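Peer 1: here you go, sequence then predicted model.
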Amino acid sequence: MITLNASSSGFFEFVQNQLVQFWDYTAFANFTFGHLAMIVVGLFFITLAIAKEYEPLLLIPIGFGIILGNIPFFPGLKIGIYEEGSVLNILYHGVQNGWYPPLIFLGIGAMTDFSALISNPKLMLIGAAAQMGIFAAYAIALQSGFSPAEAGAIGIIGGADGPTAIFIASKLAPELMGAIAVSAYSYMALVPLIQPPIMRLLTTKKERTIRMKAPRQVSRLEKIMFPIVGIILTCFIVPTGLPLLGMLFFGNLLKESGVTKRLANTASGPMIDIVTILIGLTVGASTQATTFITYKSLGIFGLGAASFIIATASGVLFVKIINLFLKEGNKINPLIGNSGVSAVPDSARVSQVEGLKYDKTNHLLMHAMGPNVAGVIGSAVAAGILLSFLY
C-alpha cells in the first residue's frame, strides 16, 4: 500500500511537472502588452485592406505577418523569425540580404508603360523634385540623433517605395528593417488620405483646373530604346543603383521588346505575386514586440511621415515654379505634382480624383503617370546616391 501511494505521488508529480512545462510553452505564459498592441496593429492593417481597399496586396500579408510574428513563444524552439534555422528566418533572408526588392523591381518594370514619360520628358523633373523628401528627412534624422547610415535608411521612406526602403535598410540599418519597412508600406497605403490635403493647401482653384495637352503617340522603337538608354544613363551616374535600376529596366525591355511575352508575363504576374507574399509576410513577422517597440521605431514613423509630406509638397511646388516659365497652353496642372513619389499607380489616381473634383472633364491620370513612373526611377537613383556615400 505504501509503494502504491509513493507510486501515485510520483505519477501526479510527473503530470504536474508536465502541465507546468506545457504552460511555459504556451503563448499565454510568454504574453506581454507589447504583443497585444502589435496584434491590434496587424488587425488594423487587415481591416484597412479589406474595408477600405488600401493596398490590399501589401497590407493583408503585412498585417497577417504582424499577427504571426507577435504570437509569443518559448525561446529556442526555432520557430521565430529571428531564430537561426527557422522557416521564417530562412524566408526572411530575402529581406535581410536584399534579394526580394530587385525581383519586385523586375516585375514592376514588366508591367509599367513608360509612354507618358517618354512623350513628355520634362515630367521626369517632377519625379526628381519629389525625392527632396528623402534628403530632407535624412537631414532631419541626422539632427534627431540617428547615425548617418540610419538616417539614410529612414529618409528613403519619403520615396513611398517599399522595396527600395527594404533594400536600403538591408544595407545601411538592418536592425531598423522592420520599422522602416512597415512605415514605408503604411504610408504607401495611406496615399489617398495623406496627399489630397497637401495638394489642396498648396494650389489655387484656378491651378487645379489647368488643362494639359494630350500626350503624343510614342513609337515602338522609342519604347524599346527607353530601358536601354535608361540603364546606361542612370547606372553610369549611380552604379550603386544597379540592382534595382537594372532589374527595373530589364523587366521593361521584356515587356516592350514584343518577343519575350512569356517572360514578361511571368515577371509581372506569378513571380511578383510570390515575392510580394514573401516580403509582406516576413516584414510583418519581423515586428516582434520584444524587438520592434522602441523609441527609435516611433521616431522612424514620425520621420517617415515628415519625409512623405515633404516629398508630396516638393512635387506640387516644383510644378508651380516651372509653370512660371511656361507659356499658356503648355502649363502643367500642379495636381500631378504629388505623383512624383513612386507609389504606382495610387498617387496618379489621387491626381485624377482631385482633378475631377474641380473639372469633371479634366482627366489627369495619363499625365500623372509620367511623374509617377519617374518617381520609381528617381527613388532608385536616390537610393544609389545614399549608398554611394553611406555604405
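Peer 2: Thanks, I have it. Keep in mind the model is a prediction, meaning the values are calculated, not measured.
Peer 1: was I right to think F105 contacts P163?
Peer 2: Yes: look at F105 against P163 with CB atoms under 8 Å: they come within range, at 6.2 Å. C-beta here means a position set from N, CA and C on the backbone, and glycine is covered the same way.
Peer 1: please identify every residue contacting each of those two.
Peer 2: Jointly contacting F105 and P163 under the rule CB atoms under 8 Å, 6 or more residues apart in numbering are L244.
Peer 1: how near is the most centrally placed residue in the chain to I108?
Peer 2: For the chain, the residue nearest the mean C-alpha position is G162 (1.6 Å; CA atoms, centre = their mean). Separation of G162 from I108 (CB to CB, to the nearest Å): 11 Å.
Peer 1: one more: M225?
Peer 2: The gap separating M225 from I108 is 19 Å, by CB to CB.
Peer 1: those two - which one has more neighbours?
Peer 2: Neighbour count, other CB atoms under 10 Å: between M225 and I108, I108 has more, with 23 against 14.
Peer 1: and the more buried one, what's its pLDDT?
Peer 2: Confidence at I108, expressed as pLDDT, is 95.
Peer 1: swap in I2?
Peer 2: With respect to pLDDT, I2 scores 46.
Peer 1: quick one, helices of the stretch 201-350 of the chain?
Peer 2: If DSSP state H, counting those that start in this stretch is used as the criterion, the helices of the stretch 201-350 of the chain fall at 205-208, 220-237, 242-256, 261-266, 272-285, 289-292, 295-323, 346-358.
Peer 1: could you list every residue that touches A181?
Peer 2: Shown in contact with A181 (CB under 8 Å, 6+ apart): V95, G162, A165, I166, A169, V283, S286.
Peer 1: and the least confident of these?
Peer 2: G162 (87).
Peer 1: next, find the distance separating it from L142.
Peer 2: Separation of G162 from L142 (CB to CB) stands at 23 Å.
Peer 1: where does this protein have its least confident helix or strand?
Peer 2: helix 2-25 (a mean of 73; mean pLDDT, DSSP states H and E).
Peer 1: list the helices and strands that helix packs on?
Peer 2: Packed against helix 2-25 by the contact rule (3 or more CB pairs under 8 Å, 6 or more residues apart in numbering; DSSP states H and E) you find no helix or strand.
Peer 1: surely T240 is in contact with Y391?
Peer 2: Yes: under the criterion of CB under 8 Å, T240 makes contact with Y391 at 7.2 Å.
Peer 1: who's more crowded, those two?
Peer 2: Neighbours were tallied for T240 and for Y391 using other CB under 10 Å; the higher tally belongs to T240 (20 against 11).
Peer 1: any weak-confidence spans in the stretch 1-150 of the chain?
Peer 2: 1-7 (pLDDT under 70).
Peer 1: repeat the analysis, applying 90 as the threshold.
Peer 2: 1-34, 52-55, 58, 72-80, 82-83, 85, 96-98, 133, 137 (pLDDT under 90).
Peer 1: same thing with the stretch 151-300 of the chain?
Peer 2: For the stretch 151-300 of the chain, applying pLDDT under 90 flags the ranges 156-162, 174-179, 181-190, 192-193, 213-216, 287-299.
Peer 1: just the element for the closest residue to V275 other than its chain neighbours, please.
Peer 2: Spatial nearest neighbour of V275, excluding adjacent residues (CB to CB, 6 or more residues apart in numbering): L103 at 4.7 Å. Following DSSP states H and E, one finds L103 within helix 100-111.
Peer 1: swap in P196?
Peer 2: helix 191-202.
Peer 1: what residues does that helix touch?
Peer 2: Contact with helix 191-202 is made by 54, 160, 187, 305, 308-309, 312-313, 316-317, 320, 334-335, 337-338, 341, 343, 346-347, 349-351, 353-354, as judged by CB under 8 Å, 6+ apart.
Peer 1: then stretch 216-228?
Peer 2: Contact partners of stretch 216-228, identified using CB under 8 Å, 6+ apart, comprise 109, 114-115, 118-120, 249-250, 252-253, 256-258.
Peer 1: let's go with 10 Å and repeat that
Peer 2: Outside stretch 216-228, the residues within contact range by CB atoms under 10 Å, 6 or more residues apart in numbering are 109, 112-120, 229, 245-246, 248-258.
Peer 1: which parts of it are buried?
Peer 2: Across stretch 216-228, burial judged by 16 or more other CB atoms under 10 Å covers V218, K223, I224, F226, P227.
Peer 1: returning to what we had before: need the overlap of contacts for G162 and I108.
Peer 2: Residues touching both G162 and I108 (CB under 10 Å, 6+ apart) are S342.
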